[in-house]
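S.K.: following is a predicted model, sequence given first.
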Amino acid sequence: MSVRLLVTGRDGRAPVTSWLPVDLGPVLDGTPKRIIPEIGRRDDVVCMFCPGRSHSIVSESGGGKPWLALTVTCLQMSLGHDVVYLDIEDDEHGITERLQNASRSSAPALKRSAATFATSGRTPPSPPPRA
C-alpha cells in the first residue's frame, strides 16, 4: 500500500516548492520507529526534547523559559554537543551572561565553539564600504 499526500493548485498541478511528497505507507504500517526524546532529562528520568528537531518553549511571562533552555543548553555543551540557541527577545550580552551564570552550576566553562546564538528584531549591520 502506498499513500501519498500532495496538495495541488487550482490548475491541478503541484506548486513549485522544495517540499517533496512523502510515502505514508510505512508510517501507517508501523514500520519506522518514532523519534524518542533524548535531551533535557528531568528528575523523573523522562527527556523533553528530540535530537535534530526544532522545539519551542511556551509559558507565561516569568515562567522560566530561558532558564529551562539555558540549563538544557549547558547540559548539552557539557556532553560535547554543539547548540544553536535562537532568542527573539534577548541580545548576545544578556544571553551570554545568563549562559555563564547557568554554566557555573551545571556545566563546564562556556566555550566559543560550542554554542551559536541568533536573535531577531534588530537590523543586521551594514557591510563595510568597498575600497
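M.R.: Received, thanks.
S.K.: show me the helices in the chain, by range?
M.R.: 25-29, 65-78, 92-106 (DSSP state H).
S.K.: could you give the mean pLDDT of the first one?
M.R.: What that stands for is helix 25-29. Taken as a whole, helix 25-29 carries a mean pLDDT of 85.
S.K.: out of the helices of the chain, deepest packed?
M.R.: helix 65-78 (a mean of 19; mean count of other Cβ atoms under 10 Å). Any C-beta I mention is one placed from the backbone N, CA and C, and that applies to glycine too.
S.K.: so which elements touch it?
M.R.: Secondary-structure packing of helix 65-78 (3 or more Cβ pairs under 8 Å, 6 or more residues apart in numbering; DSSP states H and E): strand 83-87, helix 92-106.
S.K.: okay, those in CSV with mean pLDDT next?
M.R.: Shown next, in CSV, are those (pLDDT from 0 to 100):
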stretch, mean pLDDT
strand 83-87, 79
helix 92-106, 73
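S.K.: a markdown table for these, including distance to Leu68?
M.R.: Shown next, in a markdown table, are the helices and strands packed on helix 65-78 (distance: least, Cβ to Cβ, whole Å):
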| stretch | distance to Leu68 |
| --- | --- |
| strand 83-87 | 12 |
| helix 92-106 | 10 |
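S.K.: tell me who's in contact with Pro32.
M.R.: Pro26 (Cβ atoms under 8 Å, 6 or more residues apart in numbering).
S.K.: again with Pro51
M.R.: Counting by Cβ under 8 Å, 6+ apart, Pro51 makes contact with 35, 38-39.
S.K.: skipping adjacent residues, who's closest to Ala98 in space?
M.R.: I think there's a mix-up here, since residue 98 is Arg and not Ala. The spatial neighbour of Arg98 that comes closest, neighbours along the chain excluded (Cβ to Cβ, 6 or more residues apart in numbering), is Leu70 at 5.5 Å.
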